[in-house]
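Enquirer: Let's see this in three dimensions:
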Amino acid sequence: FTVIRSPFIDKDSREQFEIRTHKRLVDILDPSSKTVDALMRLSLPAGVDIEIKM
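Expert: Model prediction:
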């Protein structure tokens, strides 16, 4: 997406940004309750989400 750099009249000065989304899928076959508990307690940085389906 593109935004105008200057808050005033200079419309020719623009800045461009892009949004990137990265996804990873980890399939754990026959997980134990200890494995599921460890995954649910993970401390993740801001902007990183995890979804656990059973």
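Enquirer: so where's the protein uncertain?
Expert: 10 (pLDDT under 70).
Enquirer: Show me the strands in it, by range?
Expert: Along the chain, the stretches classed as strands by DSSP state E are 2-4, 14-16.
Enquirer: For the first one, name the packing helices and strands.
Expert: Using 3 or more CB pairs under 8 Å, 6 or more residues apart in numbering; DSSP states H and E as the contact criterion, the neighbours of strand 2-4 among helices and strands are strand 14-16. Backbone N, C-alpha and C define where each C-beta goes, glycine included.
Enquirer: Show residues contacting the strand it packs on.
Expert: Residues from elsewhere that reach strand 14-16 (CB atoms under 8 Å, 6 or more residues apart in numbering): 1-5.
Enquirer: switch the cut-off to 10 Å
Expert: Residues outside strand 14-16 that contact it (CB atoms under 10 Å, 6 or more residues apart in numbering): 1-6.
Enquirer: and that strand, which strands flank it?
Expert: Here strand 14-16 has these sheet partners by DSSP bridges: strand 2-4 (antiparallel).
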